[in-house]
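Visitor: Dropping the sequence and predicted coords here.
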Amino acid sequence: MTGRLRVVPRGFAGPAVRFGVPVAALFVALTIGAVLLGVSGSDPFEAYRTMFNASLNGWASLTRTLALATPLILTGLAAAVAFQMRVYNIGAEGQLYLGAIAASWIGLFLPADIPAVLMLAAMVAFGAVAGAAWAMFAAIPKALFNADEIITTLMLNFVALSLMNYLIFGSRSFWREPQRAFPSGKRLPDSAVMPELSGRLHFGFIIAVVCAVGLWWVLRRTTWGFEIRTIGDSPTSARYAGMSVRMKTIAVLGISGALAAIAGVSEVSGVTKGLEPNALATDIGYAGIIVAVVARSNPLGVVPVATFLAAIATSGSRLQGIGIEVEVVYLLQGLIFLTVTAGEFFVTNKVELVSTDADELPNDNGTPGAEMTGAK
Amino acid sequence: MNDSVVILSIASAITVAIPVLFAALGEIIANRCGVMNLGVEGMMLMGAVVGFWAGIETESLTIAMLAGGAAGASLALVHAALAVSLRVDQTVSGLSLVIVGGGLSSFIGTAGEPGVLSAPNGVDVNPLLPQSLRDLPGVGPTLLGQDIIVYIGVALVGASAYVLYRTSAGLAFRAVGEDPAAADAAGIPVVKVRYLGTMIGGFGAGLGGAYLALAIVGTWQNGLTAGAGWIAVALVILSGWRPWIALIGAIMYGVLNGLGFSLQLADIDIPSDFLRMVPFVAAYAVVVAISASPARARKVAAPAALAQPYARESR
């Protein structure tokens, strides 16, 4: 008996599916990565073992991984909150820079001897407001004219990058250290530096986790969060129910921008300790989009997913010891994004094997499983 | 500002416009059959690294360009599989292409002996026309002094406009992007057309990337496109999905991109970081302005079924 694959849309995907599919996709991505490593002449098992030891095995490596996961959690949350409403904020990268610029400004401006609690609170607040304000350049045109936020947020990233470069490399600004010949940022006073938790891990990690839990609570436990998710599922019915889509678009992009900016605050205060454009422009904002997609926009899922991606990223430098270039890290991130995206098909559809002895329909679409039993 | 500055600026604006033009043309074609592919940046990067590599290996401009186009088309095939067959969210799928293209291109860039990353350019991109024509005042250095790829790019604008709007194949193609169910009922193979359109789109982006690496930058470096792919996506919206307008937009981009160079020659001092913002600020402003203008003033509409997956209902 011959069989044929049939695609049936799922009405509802249970937790096993919603959790299992992305995990399976991760394994598929790592397998493809192993094949590509093998083809390019490296030993994939040695590579993965090295990566595991460098990132997750032992307290020192784990804190290094969590330190890198810190901004990634925040940019992941930034992307996730917007995804919940089907708004695509690709601008976390630029919003992160704005957060870093604003936080380092207030950190250098306030007297260095004020209590660290006040100083750090001011930096987080200033940074968050700057990031939210920057996001408004995309949010307001989106709310008023439905201007494509993917394009606008993205264009703003390049503007923000040039702005940050200008402050350090292109001018003798307030942020730049005047004494040194090579352009670099003024060092923040000790009160403006995030307290260290262990090794490289700093207080920013706590802020990131609190933001994750807080966002989860807002989205799952408040009416406002319910409305956001309803608009994401069906804008028309949300409007029927009297929800204001415009105000929520502005609010959601504002929150998203603020979260991405806090990642910038955390980096500038906990890692670079001064406005250092090259150390801040490391595509953490873009990586946040991968985090949100893999976590299926669940704020609590963002934390482990960001940690996993950070583990891959931190171990990159160790790979050079065994003759593998750091670029493999980007390759793996890309593959993960791709397989998880493809996996979404298996979250929304069931694929089952049916006997072809029954009703025969010509499969004239030329694709496997092209016979649909229901329209989307 | 003297004449030579103007001439140099125009000549460079045209050259810089070409990668974005190829990518935007490809995206217009993909969009016209209903597939939105935001992965232009990633496909351009793949075209750039593979085209540059092929240039080193073969020293042939033709092979290098075709290899770049094929690399872009291969990545587009992934998008077609995800967006057309698996019907996942086209925005997410397109973004995944940006990340995959960035990752895979930088990975490929480390391969080879000597590595693509450090290798010198394998091909020379020379002016097409003889010296006597290029010496003509005004038009010589600007319009007649370009290489063959530039002329092919402009020819492709005319060709795609003709095929899309003046042939039955183009009509069928656009029908798939406007109303796939009706097109299906009329016997047009919707899925095949969408695969084809997506891959043509990827080929265009790949050509653009290859030209950028071979003729403009002259080396391969990670993230070489630096936003050019996104400019192309914005250009498609600006053009209202019309090839000739995309050509004008691409040249405008070329002018804005070269503004710093021109102003420097004219002894006008503006910080280079601000000049670098100009094309992106312009693209932002244009997208917002187009969205804000009333539909009648725009006289254009996106393909009606853009970014909508098509699933044939059971019969």
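Guide: Thanks, I have the structure now. The structure presented is a predicted model; accordingly, all values stated were derived computationally and were not measured. Numbers count the residues shown, from 1 in each chain, chains lettered A, B, ... in the order given.

Visitor: Break down the stretch 101-250 of chain A into its helices, ranges please.
Guide: A:116-145, A:149-165, A:204-221, A:223-233, A:235-240, A:245-267 (DSSP state H, counting those that start in this stretch).

Visitor: Quickly, which of those bottoms out on average pLDDT?
Guide: Of all the helices of the stretch 101-250 of chain A, helix A:235-240 carries the lowest average pLDDT, namely a mean of 80.

Visitor: possible to save the helices of the stretch 101-250 of chain A as a markdown table with distance to A:Leu338 and mean neighbour count?
Guide: C-beta coordinates here come from the backbone N, C-alpha and C atoms, glycine included. Shown next, in a markdown table, are the helices of the stretch 101-250 of chain A (distance: least, CB to CB, whole Å; neighbours: other CB atoms under 10 Å in any protein chain shown):
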| stretch | distance to A:Leu338 | mean neighbour count |
| --- | --- | --- |
| helix A:116-145 | 26 | 22 |
| helix A:149-165 | 18 | 25 |
| helix A:204-221 | 25 | 18 |
| helix A:223-233 | 23 | 16 |
| helix A:235-240 | 28 | 12 |
| helix A:245-267 | 23 | 26 |
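
Visitor: need these in a markdown table with distance to B:Met44, can you?
Guide: Formatted as a markdown table, these follow (distance: least, CB to CB, whole Å):
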| stretch | distance to B:Met44 |
| --- | --- |
| helix A:116-145 | 23 |
| helix A:149-165 | 14 |
| helix A:204-221 | 33 |
| helix A:223-233 | 31 |
| helix A:235-240 | 32 |
| helix A:245-267 | 25 |
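
Visitor: and the closest residue to A:Gly264 other than its chain neighbours, what is it in contact with?
Guide: Distances taken as CB to CB, 6 or more residues apart in numbering or on different chains place A:Gly99 nearest to A:Gly264, at 3.0 Å, with adjacent residues excluded. If you count contacts by CB atoms under 8 Å, 6 or more residues apart in numbering or on different chains, A:Gly99 has them with A:Gly127, A:Ala128, A:Ala130, A:Gly131, A:Ala260, A:Ala261, A:Ile262, A:Ala263, A:Gly264, A:Val265, A:Val268.

Visitor: Check what pLDDT A:Gly99 gets.
Guide: 97.

Visitor: Spell out the secondary structure type for it.
Guide: Under DSSP: H, G, I helix; E, B strand; the rest coil, A:Gly99 falls in the helix class.

Visitor: Equivalent analysis for A:Lys350, please.
Guide: Strictly by three-state DSSP, A:Lys350 counts as strand.

Visitor: Distance check, it against A:Leu26.
Guide: A:Lys350 sits at a distance of 21 Å from A:Leu26 (criterion: CB to CB, to the nearest Å).

Visitor: Looking at those two, which one has more neighbours?
Guide: A:Leu26 (19 against 14; other CB atoms under 10 Å in any protein chain shown).

Visitor: And for the more buried one, nearest residue in space, chain neighbours not counted?
Guide: With CB to CB, 6+ apart, the residue lying closest to A:Leu26 is A:Ile336, at 6.1 Å.

Visitor: Likewise for A:Ile228?
Guide: A:Met85 (4.9 Å).

Visitor: For the residue nearest to A:Leu26, which residues are in contact?
Guide: Contacts of A:Ile336 by CB under 8 Å, 6+ apart are A:Ala25, A:Leu26, A:Ala29, A:Ile290, A:Val294, A:Leu309.

Visitor: and the stretch 201-315 of chain B, which residues reach chain A?
Guide: Proximity of the stretch 201-315 of chain B to chain A is confined to B:222, B:226-227, B:230, B:233-234, B:237, B:271-274, B:276-277, B:280-281, B:283-284, B:287-288, B:290-292, B:309, B:311-315 under the rule CB under 8 Å from any CB of the partner chain.

Visitor: low-scoring stretches of chain B, by residue?
Guide: B:1-3, B:112-114, B:295-301, B:313-315 (pLDDT under 70).

Visitor: Please report phi then psi for A:Leu56.
Guide: Torsion angles at A:Leu56 (phi, psi; degrees, to the nearest 10) stand at phi -120, psi -10.

Visitor: in chain B, which helix has the most residues?
Guide: Selection of the longest helix in chain B by residue count, based on DSSP state H, yields helix B:3-32.

Visitor: For the following helix or strand past that one, buried residues please.
Guide: For helix B:3-32, the following helix or strand on the C-terminal side (DSSP states H and E) is helix B:40-58. Residues B:40-56 are the ones in helix B:40-58 that count as buried (16 or more other CB atoms under 10 Å in any protein chain shown).

Visitor: Remind me which helix or strand the residue sitting nearest the centre point of chain A belongs to.
Guide: Among the residues of chain A, the one closest to the centroid is A:Gly288, at 1.2 Å (CA atoms, centre = their mean). Using DSSP H and E, A:Gly288 falls within helix A:284-294.

Visitor: Which strands and helices lie in contact with the next helix or strand along the chain from that helix?
Guide: Sequence order places helix A:299-319 as the next helix or strand after helix A:284-294, per DSSP H and E. The contact analysis (3 or more CB pairs under 8 Å, 6 or more residues apart in numbering or on different chains; DSSP states H and E) places helix A:299-319 against helix A:44-55, helix A:59-84, helix A:204-221, helix A:284-294, helix A:328-348.
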